[in-house]
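[1] Could you look at this predicted model? Sequence included:
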Protein chains: 2
Amino acid sequence: MDQTGIRGNAAARGRTPDSLIPALKAIANPVRLQILVWLKEPRANFPMDNVIADPDEYGICVTQIQTKTGLAQPTVSNHMSVLERAGLVISTRVRQWTHYRRNEANLAKLVSELGNTIGE
Amino acid sequence: MDQTGIRGNAAARGRTPDSLIPALKAIANPVRLQILVWLKEPRANFPMDNVIADPDEYGICVTQIQTKTGLAQPTVSNHMSVLERAGLVISTRVRQWTHYRRNEANLAKLVSELGNTIGE
DNA sequence: TCTTTATATTTAAATATTACAATATAACTA
DNA sequence: TAGTTATATTGTAATATTTAAATATAAAGA
């Protein structure tokens, strides 16, 4: 055990947890940050007519996110895969529709790890 | 007053506070994030011989940060100005030495605003 | 099977970021 | 004032990011 009494805690020893950087890069983009906020309340932020899967369980499909952002389909597809690679969303394919929902555990971990890293 | 009972709170209304993005971009870089961590404990992370100003009050000068990173002087100067423009550090020129210290208030605000924005 | 719909991948252009060399500026020192 | 030290700015190259058009793939329905 080290002097801090905390094992495996890079931030506590003054080192930067490299795993933070990909997540920070993912959210340091206005489009992606906005999508994460919208996905907090899928039913409030996306049209609920003709939904083919429960938004609370599976999230929102790419077409609806694309419409809401006004960006091209490949652009949105790319943004979602950046978020997914960073572990901030989870995708579920329901027939031909890929649905994305927030990864609440990892989002909470990101905020707390950032607090441990740059907080006083 | 709006329905949330919270005035001027963009995150509470599901919008993305644009002021977050510059700060997130600033910390979404391994060199800058590391510098912010080092500046938490200037006396522990930088040589304390020949210091020309109290590290706790004024922070650390560019040359010492440059030496610690191993990057070129203009590169470090640029990183520090990115952090300063994002409001995450404060600079004080003491004679010919520009010292940088953490802006604790804004760093804490960044963490809490991020929590309000992407937290559950 | 053919067509349509939804999403992903590829390619490419525009822009942003990161880095360093060269130079400029600011401040001290002899 | 001339020379030195510390930092900032400018110019530039390499790389990364963002975007969209074109194309590919995957799944559904006629």
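    Nice, thanks for sending it over.
[2] Let me see the contact set for residue A:112.
    By Cβ atoms under 8 Å, 6 or more residues apart in numbering or on different chains, no residues touch residue A:112. C-beta here means a position set from N, CA and C on the backbone, and glycine is covered the same way.
[3] okay, the angle between whatever helix or strand it lives in and helix B:104-118?
    Remark: residue A:112 resides in helix A:104-118, with elements defined by DSSP states H and E. Put simply, helix A:104-118 runs at 180 degrees to helix B:104-118, going by axes from the mean of the first three to the mean of the last three Cα atoms, to 10 degrees.
[4] could you turn helix A:104-118 into CSV, dropping everything but the C-alphas?
    Taking C-alpha atoms only, helix A:104-118 is exported to CSV below (Å, rounded to 0.1, in the frame of the first residue of the first chain):
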residue,chain,number,x,y,z
GLU,A,104,-25.0,6.5,-16.8
ALA,A,105,-22.4,4.5,-14.9
ASN,A,106,-19.5,5.8,-17.1
LEU,A,107,-20.9,9.3,-17.3
ALA,A,108,-21.0,9.5,-13.5
LYS,A,109,-17.5,8.0,-13.3
LEU,A,110,-16.2,10.6,-15.7
VAL,A,111,-17.5,13.4,-13.6
SER,A,112,-16.2,12.0,-10.4
GLU,A,113,-12.8,11.1,-11.8
LEU,A,114,-12.5,14.6,-13.3
GLY,A,115,-13.3,16.0,-9.9
ASN,A,116,-10.6,13.8,-8.3
THR,A,117,-8.1,14.8,-11.0
ILE,A,118,-8.6,18.6,-11.4
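[5] Isn't residue A:58 up against residue A:98?
    No - using Cβ atoms under 8 Å as the test, residue A:58 is too far from residue A:98 to be in contact (9.7 Å).
[6] outside of the helix or strand where residue A:100 lies, which residues touch it?
    Residue A:100 belongs to strand A:97-102 when assigned by DSSP H and E. Under the contact criterion Cβ under 8 Å, 6+ apart, strand A:97-102 has outside partners A:36, A:39-40, A:42, A:52-53, A:57-63, A:65, A:80, A:83-84, A:88-93.
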